[in-house]
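**Student:** Turn this into a model:
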Amino acid sequence: MRIFCAIFLLAIGALAVDKLDVFGHQWSVPNAGDWSVMKENGSPILHMLVGREPLPGARRPFNFALAETPAFREVTIEADAKPLKRSLIFVYAYQDESHFDYIHFSTDTAAKIAVHNGVFHVFGGERVRISALEGPAAFASVDRWYHVKVVWSGATGDVQGFVDGTAVPSLHAVDLSLHQGRVGVGSFDETADFKNVTIAGSN
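**Tutor:** Now for the predicted structure:
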């Protein structure tokens, strides 16, 4: 009983919501202490200080900053992003903590690690890969900036991830179950930096 209560309290604490203001939006984060907003040449950088493992239960990411916007039906997210370890994620079609999609940008190829470098679907349980395994890694190395773009249509379900202007084959998928939602940036269990984040969409 004590172990159950401890896990329950940990989960409740992790799901508590804090707020950050950056890039012209307010962002919800599970714990503001895991993040900081810095300045570089006068421009803000959203810095992840802590990488956290998923909560007990179905394995899916939770430590990401979610933009406080209306639910988009079509959206393009762009940012300069720096993986500080191997990877980072862009969330889209977010409806609640157990219904959303995300793109995992990684230095690993999907053929090497199937749960990296791909598009993933969360629908009430464990995250599931919904994109192909073929193609190169999204990132050649860590600790450098890349220009990342995600284009998603809720009408067609089509999503494509781009890195430095090039479409990455394993970052393309179609999901017909989620037609609208919010967007976010973060990591599955590592850390990353984000700057020049823009969100352009319609609802």
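
**Student:** check contacts around P54.
**Tutor:** Counting by C-beta atoms under 8 Å, 6 or more residues apart in numbering, P54 makes contact with 60-62, 188-189. Backbone N, C-alpha and C define where each C-beta goes, glycine included.

**Student:** In contact with L178, which residues?
**Tutor:** L178 is in contact with 93, 95, 99-101, 121, 123, 154, 157, counting by C-beta under 8 Å, 6+ apart.

**Student:** what sits up against stretch 93-102?
**Tutor:** With contact meaning C-beta under 8 Å, 6+ apart, stretch 93-102 is reached by 15, 58, 60-62, 64, 66, 71, 89-92, 119-125, 127, 130, 152, 154, 159, 173, 175, 178-184.

**Student:** ok, now with 6 Å
**Tutor:** 89, 91-92, 120-124, 175, 178, 181-182 (C-beta atoms under 6 Å, 6 or more residues apart in numbering).

**Student:** Can you flag the buried ones in the contacts of L178?
**Tutor:** Neighbour-count burial (16 or more other C-beta atoms under 10 Å) is assigned, among the contacts of L178, to 93, 95, 100-101, 121, 123, 154, 157.

**Student:** which residues touch the closest residue to H172 other than its chain neighbours?
**Tutor:** Of all residues beyond its chain neighbours, the one nearest H172 is Q160 (4.9 Å), with distances taken as C-beta to C-beta, 6 or more residues apart in numbering. Q160 makes contacts with 151, 167, 172, as judged by C-beta under 6 Å, 6+ apart.

**Student:** Next: L84.
**Tutor:** Taking C-beta under 6 Å, 6+ apart as the contact definition, L84 lies against 191-192.

**Student:** Spell out the residue ranges of the helices in this structure.
**Tutor:** All helices of the chain, identified by DSSP state H, fall at 2-15.

**Student:** what ranges of it fall below the confidence cut-off?
**Tutor:** Low-confidence segments of the chain, defined by pLDDT under 70: 1-16.

**Student:** Test my guess that A71 contacts Q180.
**Tutor:** Yes: under the criterion of C-beta atoms under 6 Å, A71 is in contact with Q180, at a separation of 4.4 Å.

**Student:** Distance-wise, check the nearest residue to A155 once chain neighbours are set aside relative to G157.
**Tutor:** Leaving out its chain neighbours, the residue that sits closest to A155 by C-beta to C-beta, 6+ apart is R73, at 6.6 Å. Between R73 and G157 the distance is 11 Å, computed by C-beta to C-beta, to the nearest Å.

**Student:** now A167
**Tutor:** For A167, the distance to G157 - C-beta to C-beta - is 17 Å.

**Student:** OK, contacts around R73?
**Tutor:** 154, 180, 203.

**Student:** again, only this time at 7 Å
**Tutor:** Residues near R73 by C-beta atoms under 7 Å, 6 or more residues apart in numbering: 154-155, 179-180, 202-203.

**Student:** Include distance to D21 when you put the residues you listed into TSV, please.
**Tutor:** Output for the contacts of R73, formatted as TSV (distance: C-beta to C-beta, whole Å):
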residue	distance to D21
G154	27
A155	31
H179	29
Q180	24
S202	24
N203	22
